[in-house]
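Engineer: Fold the following, please.
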Amino acid sequence: MRYYVVTGGPLTDKASEVIGEGKVIAADRGIDFCLKHGIKPYLALGDMDSVSKEGLEAIKRTGIEIKTYPVEKDFTDTEIALSFIPENEEITVVCPLNGRLDHVIANLQIASSLHTEGRDIRLDDGLTEVYFLSGSEMVTIGTGRWGNDSAVSVVPLTPEVKGVTLKGLYYPLEDGCIEKGRSLSFSNRPAEGVREFSVTIKEGRAAVIVTRAV
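Structural biologist: Presented below is the predicted three-dimensional model:
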């Protein structure tokens with residue numbers, strides 16, 4: 001089963017299209033987003049410092065379980081939401097991948113850490129998807145969502161990522177090494193006519209970022 005964690009922040013309406021079959025957890029201002037788009041979470045939680053008063057009252061009337069936490073705490077609302085998801089379940093965090101940079105970085109780091117622990121997790125805001133790789137691993141991504149009109153970047157999360165192979169992309173790579181702080185593996189794109197592309201690494205950690213080209 002896939003779990004969706006819907007967070008606060010400047011989500012566009014496109015983010016609602018990300019949510020499919022599965023269970024939804026609304027974190028703080030994510031409650032407002034779910035109510036706006038007719039999405040029914042099974043759990044709402046957070047310190048409730050950014051959800052609207054109307055949204056909080058509306059979610060209370062639904063009878064959905066609500067867990068409230070203090071504003072002064074050691075974990076973000078998103079991190080708390082993720083702690084409720086059973087192991088071996090797939091996770092999509094529906095969160096802004098623009099806006100407050102500290103929140104974006106925090107979500108990237110949390111998701112990457114969970115991935116290294118064996119969790120199947122990605123981030124998505126309806127315009128950009130982020131997948132994670134660690135150790136010897138491969139991800140295959142279909143181009144059906146936006147056709148070939150997307151930008152693909154492989155971002156090193158360790159000083160080096162070794163054994164990088166890119167297939168189905170305009171700029172291919174075979175068993176290469178990419179380094180943190182260099183832009184060699186940024187702004188690629190699917191090759192003409194391909195239906196999917198893959199990114200493989202043998203050592204290190206990386207984020208694969210796919211975003212609609214503008």
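Engineer: Pretty sure S153 sits in a helix.
Structural biologist: No: using DSSP: H, G, I helix; E, B strand; the rest coil, the assignment for S153 is strand, not a helix.
Engineer: what sits against I141?
Structural biologist: 129, 131, 196-199, 208, 210 (C-beta atoms under 8 Å, 6 or more residues apart in numbering). Using the backbone N, CA and C atoms, a C-beta is placed for each residue, glycine as well.
Engineer: Quick check on the residue in the chain sticking out farthest from the centre: phi, psi?
Structural biologist: Residue farthest from the centre of the chain, counting by C-alpha atoms, centre = their mean, is R61 at 29.7 Å. Here the main-chain torsion angles of R61 (degrees, to the nearest 10) amount to phi -70, psi -20.
Engineer: And the pLDDT for it?
Structural biologist: What the model reports for R61 is a pLDDT of 96.
Engineer: try the one 10 residues further on
Structural biologist: The confidence metric pLDDT takes the value 89 at V71.
Engineer: In terms of residue numbering, what are the domains of this protein?
Structural biologist: 2-126, 131-212 (automatic domain parsing).
Engineer: Report the buried residues of stretch 203-214.
Structural biologist: Neighbour counts over stretch 203-214 (16 or more other C-beta atoms under 10 Å) mark 204-211 as buried.
Engineer: Stretch 80-90 now?
Structural biologist: 80-82, 85.
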